[in-house]
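Participant: Show me how the following folds:
(one chain, ligands or ions: 1)
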Amino acid sequence: MTSRPSIDLSISPYLQANYAPVLEEHEWDEGDGGLRVEGKVPENLIGAFMRNGPNIAWQPDHYVYPADGDGMVHAVYFKGGRVHYRNRWVRTAGFLVEEQLGRSCYGSVGKIRMPDEETLAAGGPGSPMKNLANTNIVYHGEKLLALWEVGSAYELKADLSTVGEWDYDGALMPGDGLTAHPKICGRTGELITCTQRWDAPYYTLRIMDKNGRQTLSRVVDMPDRAVMHDMQICGDYVVIFYPPAFTNLEAGMTGGNPFIWHGERPSRICAIPRDGGDPVWFEKPTFFSWHFTNGFQSGSKLYVDYVWMATPPFSNDPNSGLERQTRNMHRMTLDLKTGEVTDEKLGPTYCEFGRADDRLCGLQYRYAFAAASDNSEWDGPNHDYNGVIRYDMDTGDTRFWDYGKGANAGEPVHVPNPDSEREEDGYLMTFVSHPEEGAFMSILSAGDIERGPLAKIYIPTRVPNGFHANWMPGLTI
Ligand SMILES: [Fe+2]
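Facilitator: Below you'll find the model as predicted:
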């Protein structure tokens, strides 16, 4: 490994405490100074829990969370009640040239610049933005893909080594930014995804069959490229939010603020038929959202569960992404017949990263889960997701599990119990950073989160705060 000089982390609040990168790759088995398991790991689980997130390798000259940092995947593999951990950077073309030159070669999303001649001569991509592959990791059509949203996917092997860029056998063209938030339909196994471009047409809905072959590519007319991070299947429709949030690349390359927020405009919502029919547009007073939780269709109504926020974080402070506002779970109802939009706040708890049983993605379901905070001190760089919240969508009941003061829990992933169809028989997995206990992976019972972890898998090295995680059924090394 290239020796790495220390990094001045003081340039961003999102490079400090457990946002700081780890600069080494590790593997740990149970015992002998490796993983320590408290409780009992379910013996019937075979597969891997994987989480992606930003992890800089070299001194940056500018940093904007959550948009910067090379992707690093942390994985815990399960087989017969035994576990194994490893972490690996996604070796993108930009990452490799920086390893070769021993320095950072690209700007940040908040301070965009073209790579210099030495970088280009060394074979570095000529794009002003480095494909970070840092946002999500999904397993579909027997391909394990690290996803960003402004470039192509990077295929990984089960052991997290990087294979290279994946364009779905030429279905994607240069300049197509593949979303980091595709959804796998619980009914058909199809991957519902999209690409966005800097030039028109800005948005293309795509459907890949369960084997990963494209079966539909449909341009959806958009007046501009808005910040559209996520998408949601709702029965026969795909729902996307079109907020009045835009990016100005030219401003970003000349030292200006690359983020534009027109808070005086309404937010628009688009429901696109999955069969390729004409989209239906709705309007709602301005809001912003990074993430959906789930959605479903009942007759002519679409139900969309998501995490609401008033404005995008970068509208508060474009230099750091630092935000001081709440985020709450909401249910939006779209009436396809009348065009009416209703919206309900499902509780006061500050939360993010909503998830549900993926077998019910796009279908009626009962339980939603999210990383959550039960204190009011979330208005700093550490979002303080000190726990997990469960929403019972049938009764309105909420339950909370608290990992303790100062803890930070990541996205809670519902892992189905392979021996049961019931949502509540599944497990809830997440990485937790704890001020006294260090890093551990938590396994809660989806049906009884208040019981506390069924197992804690302590990891000797730090697992920085990150983004999205998924369960990869059957994937082992
Ligand atoms: Fe996301």
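Participant: which stretches of the stretch 251-400 of the chain form helices?
Facilitator: Counting by DSSP state H, counting those that start in this stretch, one finds no helices in the stretch 251-400 of the chain.
Participant: Any regions of it where pLDDT drops low?
Facilitator: Applying pLDDT under 70 to the stretch 251-400 of the chain flags the ranges 255, 314-324, 375-383.
Participant: could you pull out the strands for it?
Facilitator: Applying DSSP state E, counting those that start in this stretch to the stretch 251-400 of the chain gives strands spanning 259-261, 267-273, 280-284, 292-298, 301-308, 328-335, 341-345, 350-355, 367-373, 387-392, 398-402.
Participant: in its sheet, what does the fifth one sit against?
Facilitator: Each strand paired with strand 301-308, and its direction, by DSSP bridges: strand 292-298 (antiparallel), strand 328-335 (antiparallel).
Participant: picking up where we left off before, which one, of the strands of the stretch 251-400 of the chain, ends up nearest to Gly212?
Facilitator: strand 267-273 (20.9 Å; C-beta to C-beta). All C-beta spots, glycine's among them, are computed from the backbone N, C-alpha and C.
Participant: Give me the contacts around stretch 415-429.
Facilitator: With contact meaning C-beta atoms under 8 Å, 6 or more residues apart in numbering, stretch 415-429 is reached by 42, 44-47, 49, 76, 356-360, 365-367, 369, 388, 412-414, 441-449, 454, 469, 471, 473.
Participant: Got a quick ChimeraX command for the buried subset of those?
Facilitator: In ChimeraX, this line selects whichever of these come out buried by 16 or more other C-beta atoms under 10 Å:
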select :42,45,47,49,76,356,357,358,360,365,367,369,388,412,413,414,441,442,443,444,445,446,447,449,454,469,471
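Participant: Output the strands of the stretch 251-400 of the chain in JSON lines; the columns should cover distance to Ala93.
Facilitator: As requested, the strands of the stretch 251-400 of the chain are arranged in JSON lines below (distance: least, C-beta to C-beta, whole Å):
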{"stretch": "strand 259-261", "distance to Ala93": "26"}
{"stretch": "strand 267-273", "distance to Ala93": "32"}
{"stretch": "strand 280-284", "distance to Ala93": "38"}
{"stretch": "strand 292-298", "distance to Ala93": "31"}
{"stretch": "strand 301-308", "distance to Ala93": "33"}
{"stretch": "strand 328-335", "distance to Ala93": "38"}
{"stretch": "strand 341-345", "distance to Ala93": "42"}
{"stretch": "strand 350-355", "distance to Ala93": "29"}
{"stretch": "strand 367-373", "distance to Ala93": "32"}
{"stretch": "strand 387-392", "distance to Ala93": "37"}
{"stretch": "strand 398-402", "distance to Ala93": "41"}
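Participant: Determine which of these approaches Ala158 most closely.
Facilitator: Here strand 350-355 is closest among the strands of the stretch 251-400 of the chain (C-beta to C-beta), at 22.5 Å.
Participant: so what does that closest one touch, helix or strand wise?
Facilitator: strand 292-298, strand 301-308, strand 328-335, strand 367-373 (3 or more C-beta pairs under 8 Å, 6 or more residues apart in numbering; DSSP states H and E).
Participant: Output that strand as CSV, restricted to C-alpha atoms.
Facilitator: The C-alpha atoms that make up strand 350-355 are tabulated as CSV, following Å, rounded to 0.1, in the frame of the first residue of the first chain:
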residue,chain,number,x,y,z
TYR,A,350,-35.7,13.4,13.9
CYS,A,351,-34.8,10.5,11.5
GLU,A,352,-33.2,9.6,8.3
PHE,A,353,-32.4,6.5,6.1
GLY,A,354,-35.9,5.0,6.2
ARG,A,355,-36.1,1.3,5.3
